[in-house]
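Trainee: this one's sequence-less:
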């Protein structure tokens, strides 16, 4: 029996092989990933804003929110109540072309089984790397998988990126967050602002939890009281080592992040 979690739709309709073939090797697109629970999503406004702003950056135009929400609803109707969903926006003109204003972006939605990420704690290798267009969640990032594979070969679980100024920025598919014992510390480097990260930040504000943005280097890491990674799977997985630096496992920090995330209401597209 096939798993109803696996669905692929193009512009709100089931996609066939002929429609998907031109996209198989396409690398000029952007996306957002979300966890659906009970047919609802946390931070839907953040996902829509991400898709809208990235489309303006890449294509000069964006799909209206109401149309995107209709496509999301159609995908959710076709599957179970709990699942993982990725919405990818691309231009039908393809790569290596300059599309005119008459070529509107299209959306490909893929769903799969719900996920909550690894248990941790994780050990992260470090590598100097800065993504192109760091504020856009774009596709075709071979470096992320390449550095992840290298990290695992070296005995680590994943990788953290360090910019040319020696500042920790983000992970392969993760945002980084730190704890100084009193406040949540976010890296000051150029990076992708994750939707889970933004959910947690606004809920921490509502909980009156101090937050600050700071240059976090490996030299300063030993002075901090905890570190986590987060993405659409989870608001926090403990990190016990980054490069050669050990980090304390701060259970209260982890619990705080999960509590903040759970305070964000689930909404329907």
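Mentor: Arrived safely. Fair warning: this is a prediction, and the values are worked out from it, not measured in the lab.
Trainee: By mean pLDDT, flag the weakest helix or strand of this structure.
Mentor: When the helices and strands of the chain are compared on mean pLDDT, DSSP states H and E, helix 17-20 comes out lowest with a mean of 86.
Trainee: Go through the next helix or strand after it and flag the buried ones.
Mentor: Downstream of helix 17-20, the first helix or strand assigned by DSSP states H and E is strand 29-37. Across strand 29-37, burial judged by 16 or more other Cβ atoms under 10 Å covers 29, 30, 31, 32, 33, 34, 35, 36. Every residue, glycine included, has its C-beta placed from N, CA and C.
Trainee: Strands of the stretch 51-200 of the chain, residue ranges please.
Mentor: Secondary structure of the stretch 51-200 of the chain (DSSP state E, counting those that start in this stretch): strands at 83-90, 106-112, 122-128, 158-162, 168-171, 175-179, 184-187.
Trainee: possible to save those strands as a markdown table with distance to residue 230, mean neighbour count and mean pLDDT?
Mentor: As requested, the strands of the stretch 51-200 of the chain are exported to a markdown table (distance: least, Cβ to Cβ, whole Å; neighbours: other Cβ atoms under 10 Å; pLDDT from 0 to 100):
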| stretch | distance to residue 230 | mean neighbour count | mean pLDDT |
| --- | --- | --- | --- |
| strand 83-90 | 15 | 22 | 96 |
| strand 106-112 | 20 | 20 | 96 |
| strand 122-128 | 12 | 19 | 98 |
| strand 158-162 | 13 | 24 | 98 |
| strand 168-171 | 9 | 25 | 98 |
| strand 175-179 | 5 | 24 | 98 |
| strand 184-187 | 11 | 22 | 98 |
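Trainee: Contacts for the lengthiest helix in the chain, please.
Mentor: Within the chain, and with DSSP state H defining each element, the longest helix by residue count is helix 44-59. By Cβ atoms under 8 Å, 6 or more residues apart in numbering, the residues outside helix 44-59 that reach it are 28-30, 32, 34, 41, 61-63, 65, 68-69, 87, 89, 91, 99, 105, 133, 135-138, 195, 198-199, 267, 269.
Trainee: hmm, back to that, of all the buried residues of strand 29-37, which comes closest to residue 209?
Mentor: Of all these, residue 209 sits closest to residue 35, with 22.8 Å by Cβ to Cβ.
Trainee: picking up where we left off before, show the buried residues in the contacts of helix 44-59.
Mentor: 28-30, 32, 34, 41, 62-63, 68, 87, 89, 91, 99, 105, 136-138, 195, 198-199, 269.
Trainee: my guess is residue 203 contacts residue 257, does it?
Mentor: No. Using Cβ atoms under 8 Å, residue 203 is not in contact with residue 257; the gap is 9.3 Å.
Trainee: The two: which is more packed in?
Mentor: residue 257 (26 against 20; other Cβ atoms under 10 Å).
Trainee: ok now do that one, which residues does it touch?
Mentor: Residues near residue 257 by Cβ under 8 Å, 6+ apart: 177, 184, 200, 228, 230, 235, 236.
Trainee: Break the chain down into its structural domains.
Mentor: The chain is divided into the following domains under automatic domain parsing: 7-112, 122-267.
Trainee: Could you tell me the least trusted of the ones you listed?
Mentor: Taking each of these in turn, the one with the lowest mean pLDDT is domain 7-112, at a mean of 93.
Trainee: Name the residues of the longest helix of the chain that are buried.
Mentor: Counting neighbours by 16+ other Cβ under 10 Å, helix 44-59 gives 44, 46, 47, 48, 50, 51, 52, 54, 55, 58, 59 as buried.
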